[in-house]
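J.: okay, here's the prediction I keep looking at, along with the sequence it came from:
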Amino acid sequence: MFRSVARSAAGKNLLRRGYATAVPERKVAVLGAAGGIGQPLALLMKLNPLVSQLALYDIANTPGVAADVSHINSRSEVAGYVGEEQLGKALEGCDVVIIPAGVPRKPGMTRDDLFNINAGIVKGLCSAIAKYCPNALVNMISNPVNSTVPIAAEVFKKAGTYDEKKLFGVTTLDVVRAKTFYAGKAKVNVADVNVPVVGGHAGITILPLFSQATPKANLPEEDIKALTKRTQEGGTEVVEAKAGKGSATLSMAYAGAIFADACLKGLNGVPDVVECSFVQSTVTELPFFASKVRLGKNGVEEVLGLGPLSEYEKEGLESLKPELKSSIEKGIKFANQS
Ligand SMILES: NC(=O)C1=CN([C@@H]2O[C@H](COP(=O)(O)OP(=O)(O)OC[C@H]3O[C@@H](n4cnc5c(N)ncnc54)[C@H](O)[C@@H]3O)[C@@H](O)[C@H]2O)C=CC1
Ligand SMILES: O=C([O-])CC(=O)C(=O)O
């Protein structure tokens, strides 16, 4: 895939368009591209100069989204695919597949309440990925992430294509929120802030490590507790504000675009690309866990450890394990029984 720009036809086009250095060709697919997340994510991926082909797939309405986005004068060629019979074409040759397909929450629901519908959607899409682009990096956005990632892993195992380095639960929105909320409380420039968020992606399984936040602010314990709670409940805050019209879409598209960009940079050999993600892990006794991950040419290059935790974070870590364990097991069971 790392073709010389000068040699390939697409490369010549790139040179004509002003890309002077070697930019590898990369195909990215968005599955669920006509949805609340899918549309702005399609826009942001169209703006990403690392993408050469952008495939937009949904069960309805993708021709319009694709026609619209395709008029933007950026590098990638855009194609829309609609309906299951076109899924194979959307996926063929993909380097990165981003999955925001499935139903969102309404007020009063937990992410786990989405399991019954979304588990089947994810399973179907992952079977197609195993068939048409088994080497792609998969960025799973569909909830409940704590279960949909294990479902994807089981589908890939059954198909004989599973590579633990290539499957990611997207937890970047938790990091985005933790950074924003911390910057507001600590009165520091948000652009300078870093906060790891570990665990999973639902309620108390989301564990921001504010003891490791930079720049250091020495916030009092009650502020740290309030920030932790707000980060854990960030999704619910949006669900309630939208009052029945869905969950986070714009901030999620932003977060999804950041994570996909990190994956592409890793594939392209950019050094020291580190993002938090929910991946197969030995950081704890749980088989999947979100922590900092170094991204490379094959996906996960290294799953980084947790680093030193405060007493409050140690307690949070122990409290999240039973819920995360049961969500993982629920996903594994579903994938193997149906
Ligand atoms: N990981 C995270 O941090 C976050 C995850 N989410 C999750 O992302 C998912 C999508 O949310 P929204 O975009 O707001 O929902 P939405 O309902 O606006 O869009 C979902 C799209 O998926 C499509 N879809 C349904 N079945 C499909 C299939 N089999 N193949 C392809 N596309 C299919 C629908 O046609 C629709 O266009 C939800 O499960 C939500 O909970 C939302 C926010 C943050
Ligand atoms: O809360 C939800 O249902 C959507 C989500 O995962 C988030 O916003 O973090």
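T.: Noted; the coordinates are in hand. Given the structure is predicted, the values throughout are model-derived calculations rather than measurements. Residues are numbered from 1 along each chain as shown. Ligands and ions are numbered 1, 2, ... in the order given.
J.: in the stretch 51-200 of the chain, which spans are strands?
T.: 53-58, 77-82, 96-99, 137-140, 167-169, 197-199 (DSSP state E, counting those that start in this stretch).
J.: ok, which of the ones you listed comes nearest A66?
T.: Closest of these to A66 is strand 77-82, at 2.7 Å (criterion: Cβ to Cβ). The C-beta positions use only the backbone N, C-alpha and C, and glycine is treated the same way.
J.: show me what the closest one is packed against.
T.: strand 53-58, helix 62-70, helix 87-91 (3 or more Cβ pairs under 8 Å, 6 or more residues apart in numbering; DSSP states H and E).
J.: report whether the second one contacts ligand 1.
T.: No. Using Cβ under 6 Å from any ligand atom, no contact is recorded between helix 62-70 and ligand 1, whose separation bottoms out at 8.5 Å.
J.: alpha carbons only: can I get that helix in PDB?
T.: The C-alpha coordinates for helix 62-70 follow below in PDB (Å, rounded to 0.1, in the frame of the first residue of the first chain):
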ATOM      1  CA  THR A  62     -25.900   7.300   1.300                       C
ATOM      2  CA  PRO A  63     -26.100   8.500  -2.300                       C
ATOM      3  CA  GLY A  64     -27.100  11.900  -1.200                       C
ATOM      4  CA  VAL A  65     -24.500  12.200   1.600                       C
ATOM      5  CA  ALA A  66     -21.800  10.900  -0.800                       C
ATOM      6  CA  ALA A  67     -22.900  13.300  -3.600                       C
ATOM      7  CA  ASP A  68     -22.800  16.200  -1.200                       C
ATOM      8  CA  VAL A  69     -19.500  15.400   0.500                       C
ATOM      9  CA  SER A  70     -17.900  14.600  -2.900                       C
END
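J.: for C133, give me phi and psi.
T.: Per-residue torsions, C133: phi -150, psi 60 (degrees, to the nearest 10).
J.: that older thread, what's the most buried one of the helices and strands packed on strand 77-82?
T.: Among the helices and strands packed on strand 77-82, strand 53-58 has the highest mean neighbour count (mean count of other Cβ atoms under 10 Å), at a mean of 27.
J.: list the contacts of that one.
T.: For strand 53-58, contacts defined as Cβ atoms under 8 Å, 6 or more residues apart in numbering pick out 25-35, 38, 42, 45-46, 62, 65-66, 69, 76-82, 86-87, 89-91, 93-94, 101.
J.: stretch 234-253 now?
T.: Outside of stretch 234-253, the residues within contact range by Cβ under 8 Å, 6+ apart are 35-37, 39-41, 43-44, 100, 104-107, 109, 111, 141, 173-174, 176-177, 181, 230.
J.: and the end-to-end length of that stretch?
T.: Distance across stretch 234-253, first residue to last, is 15 Å (Cα to Cα, to the nearest Å).
J.: go on, stretch 263-275?
T.: Distance across stretch 263-275, first residue to last, is 9 Å (Cα to Cα).
J.: next: stretch 238-246.
T.: Start-to-end span of stretch 238-246 (Cα to Cα) is 8 Å.
J.: okay then, goodbye and thanks.
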